[in-house]
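# I would like the atomic coordinates for the input below:
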Amino acid sequence: MIITAGVTASVIFQTMDSIQQQALKTSQDTIRDISTGIRITHISGYTQNSLLSQIAFFIEPIAGSDPIDLNETTMQVSDAQTVAILSFDYSCYSSTISNGLFGTVNTSNLSNIEFGILIVRDSDASCSSSNPIINNNDLVVLLVNTTNCFSGISTSVSVSGKIMPEVGISGVFSLTTPSSYYDTIVDLR
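The predicted model follows:
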């Protein structure tokens, strides 16, 4: 009986230890999932031939977020008729703004499944074309060629979607394009 009690106690302790380790890992994963994420701070558009030909999404990690790998981030953009699922194209990247927001990166190279990156603020130089990691206080622009995704976007169209990091909270957006494109660059949100 003493041996049986000892074996039973050993099995119970091993099971409790295993459950405790699993609970700890689950709580760490949950904390990471709710404390990591992307925030969209501003959205601008570039018009050409009375259509919105490019959209720029200014994003940053939420406060206290773990670093976010933009290689593992996907973007979903919809013009209410078509949904485009986009991922990062390393050939459309710039670490400096040299020719304006929409002129620095050649977005005509972007297909209907790709977005480009333009660095606005990256004090620790963590975001490169081969390793695009953003962390605290970074501000980057994700550029989308809407001509290749949607054949351009006309006026008074609902555009929605989200920017989804591999782990954490997605940046969600919804907007309606202006009733007329009076300037080349328009504020969308």
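
# all contacts plus neighbour counts: C-alpha atoms, from now on.
Noted.

# How many neighbouring residues does Ile97 have?
Neighbour count of Ile97, defined by other CA atoms under 10 Å: 14.

# what comes into contact with stretch 128-138?
60-71, 90-91, 93-95, 120-123, 126-127 (CA atoms under 8 Å, 6 or more residues apart in numbering).

# let's see it at 7 Å
Residues outside stretch 128-138 that contact it (CA atoms under 7 Å, 6 or more residues apart in numbering): 60-61, 66-71, 90, 93, 121-122, 126-127.

# Only the buried residues of it, if you could.
Ser128, Ser129, Pro132, Ile133, Ile134, Asn135, Asn136, Asp138 (16 or more other CA atoms under 10 Å).

# Throw those into TSV and include pLDDT and secondary structure, thanks.
Converted to TSV, these look like this (pLDDT from 0 to 100; DSSP: H, G, I helix; E, B strand; the rest coil):
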residue	pLDDT	secondary structure
Ser128	90	coil
Ser129	89	coil
Pro132	94	strand
Ile133	92	strand
Ile134	93	strand
Asn135	91	coil
Asn136	88	coil
Asp138	92	coil
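
# what's near enough to touch Gly103?
Gly103 neighbours (CA under 7 Å, 6+ apart): none.
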